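Engineer: Structure, please.
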Amino acid sequence: MGGRRKRRKQLLLRPKPKIPNTFECPRCGRVAITVEIKNGIAKVKCGNCGLEDEFEVPAIFDEANAYGKFIDRYFEGKIQIKESKAEEKEENETQGESEEDNTGEVE
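Structural biologist: All right, here's what the predicted structure looks like:
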């Protein structure tokens, strides 16, 4: 007269969080930062604005730790910001347009 045998529910396994491959750029705000670590040297580069840096990291650092160190270096002002060629062209074009407007020609 016993009841039906209850079946035990399987526990749901939550997937472990993965380290992202791309990070947010502190300069342009886009998610375009890639981090490569080889032989204790981290190379961090933004695919959008061209911001890049290279520095030594301990062997236990992963991409997220190297990104954190990159952010710290950026806000401390230790990273030399190089103007990309695309930005230089845009600046030259905008300066050229303003010079054309000041010629005084009437349409």
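
Engineer: and the closest residue in space to Gly40 that isn't next to it in sequence, bridged to which residues?
Structural biologist: Nearest residue to Gly40, sequence neighbours excluded (CB to CB, 6 or more residues apart in numbering): Glu56, at 5.8 Å. C-beta: built from backbone N, CA, C; applies to glycine. Under the criterion DSSP bridges, Glu56 forms beta bridges with Ile41.

Engineer: residues in contact with Glu56?
Structural biologist: Neighbour list for Glu56: 40-42 [criterion: CB atoms under 8 Å, 6 or more residues apart in numbering].

Engineer: Filter these down to the buried ones, PyMOL style.
Structural biologist: In PyMOL, a selection of the buried entries from the contacts of Glu56 looks like this (16 or more other CB atoms under 10 Å):
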select buried, resi 42
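
Engineer: Out of the contacts of Glu56, which is nearest to Phe23?
Structural biologist: Minimum distance to Phe23 across the contacts of Glu56 is 12.2 Å, recorded for Ala42 (CB to CB).

Engineer: Shouldn't Arg73 be within a strand?
Structural biologist: No. With DSSP: H, G, I helix; E, B strand; the rest coil as the criterion, Arg73 is assigned helix and is not in a strand.

Engineer: Can you tell me how far it is from Asp62?
Structural biologist: Remark: distance between Arg73 and Asp62 (CB to CB, to the nearest Å) = 17 Å.

Engineer: just Arg30 next, same as before
Structural biologist: Relative to Asp62, Arg30 is positioned 22 Å away (CB to CB).

Engineer: which residues does the residue nearest the centre of the chain contact?
Structural biologist: Centroid-nearest residue in the chain: Ile33, 2.2 Å away (criterion: CA atoms, centre = their mean). Taking CB under 8 Å, 6+ apart as the criterion, Ile33 is in contact with 22-25, 44-47, 67, 70.
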